[in-house]
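give me the fold of what follows.
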Amino acid sequence: MHLQRKLQKRTFALESSQNLRCGKPLISELVQINYAKAEDIADLLKSVKAVEPQIDSSMFGSVSVGDIATEENQLLSERGSVTVDKRTNALLIQDTRKKITEIRKLISEIDKPVKQVLIETGSSLPTSRLAETSVQSLV
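Numbering: from 1, shown residues only. Model (predicted):
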């Protein structure tokens, strides 16, 4: 038991020193999802990764560099995480303040009501036909 506490203290100290070395502290925020499924947005946040460099060369020997991979084109940082609260349809996001701001902006663009179409129907029968139908249904 005593050994386990020492191990926990060392682990906490190691994590704290790693956070200090990495620079910016991690913060946690709960983001309420109103229209989409929180699980779907969490999957999206976890799936978007840095874009690999793309180099295209033409027959004339010129080279153009496409999207170059940087940490800035990832939604979550290496230390960031996202957890789904199914009961409240919310996301618990843990990351740097800058990344959480970017993620909140993206969620506000995604979490919108789906456009719907209302279809109304009606029937119009001639009066004599309506009377026949009514009489037949009574019999």
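
which residues touch the host helix or strand of T101?
Element membership of T101 [criterion: DSSP states H and E] is helix 97-110. In this structure, residues lying in contact with helix 97-110 by CB atoms under 8 Å, 6 or more residues apart in numbering are 24, 27, 29, 31, 33, 36, 41, 44-45, 75-77, 80, 91, 93, 95. C-beta here means a position set from N, CA and C on the backbone, and glycine is covered the same way.

tell me the two of these that are most distant?
Greatest spatial distance in the contacts of helix 97-110: K24 and A36, 28.2 Å, computed using CB to CB.

the two: who's more crowded?
Neighbours were counted for K24 and for A36 using other CB atoms under 10 Å; A36 has more, 16 against 13.

separation between the more buried one and A90?
12 Å (CB to CB, to the nearest Å).

need the overlap of contacts for the two.
Shared contacts of A36 and A90 (CB under 8 Å, 6+ apart): none.

report the secondary structure state of L30.
Assigned by DSSP: H, G, I helix; E, B strand; the rest coil, the conformation of L30 is strand.
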